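1. got a predicted structure here, sequence first:
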Amino acid sequence: MGKVGFQDGLKAAYERIKKIDPSGCNPKYDPDHPDALPVDQLKAWDKVHRTLKILKEDHDAAIPSNGGGGTPPDPPPVHDTTTYAPLAYNEAPGGEPSARYNVHINCKPHGNGWIDNGGRTYDEGGRCLDHRDTVRVNGLKDANSMDGAEAWDPYTWNGTTYPPYPAESYRF
């Protein structure tokens, strides 16, 4: 029997069930980092995902690596840059959620705002309305440094011009 590998479908299944039964998921749970929250803060679907991920990792660790003619190691996961709007401005320190997303990438108009290819909705200014947990992306400005700019306006910061955004900006 071979390794399950990086194409296990666990994250995709978790994201689907999260849309179907959001009350069974903690919005702060990150399927890429399932141990970031204490287990007592996880809800039912978070615990199922975490358990399956642990089982898969234990299974794959028990399979001999390529040295003995076994399965070659998995390639690193690739950030999907076609599903979600990219993070354009990091969350400003303190206060209410302020991260801004470039809704002109991977989005279409939806009501008074936008919807991305993954089904997440954003207001007209690029704030995610679906409790999208943000990661801090090195190099991006904080939202309190927008100086009247729109979330989709290009800017240069510390010698780098955005867009294009780094792959981590598309992470959900």
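-> Sure, I can see it.
2. would you map out the domains in this protein?
-> As recorded under automatic domain parsing, the domains making up the chain are 10-68, 78-172.
3. select, out of these, the one closest to residue 2.
-> domain 10-68 (6.6 Å; CB to CB). Backbone N, C-alpha and C define where each C-beta goes, glycine included.
4. quick one, helices of the chain?
-> 10-20, 44-62 (DSSP state H).
5. would you reformat those helices as TSV and include distance to residue 121 and mean pLDDT?
-> What follows is those, written out as TSV (distance: least, CB to CB, whole Å; pLDDT from 0 to 100):
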stretch	distance to residue 121	mean pLDDT
helix 10-20	12	90
helix 44-62	21	91
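6. now those helices as CSV including distance to residue 128?
-> Below are those laid out as CSV (distance: least, CB to CB, whole Å):
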stretch, distance to residue 128
helix 10-20, 14
helix 44-62, 19
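7. roughly how far apart are residue 80 and residue 157?
-> 25 Å (CB to CB, to the nearest Å).
8. residue 19 too?
-> Relative to residue 157, and taking CB to CB, residue 19 is found at 34 Å.
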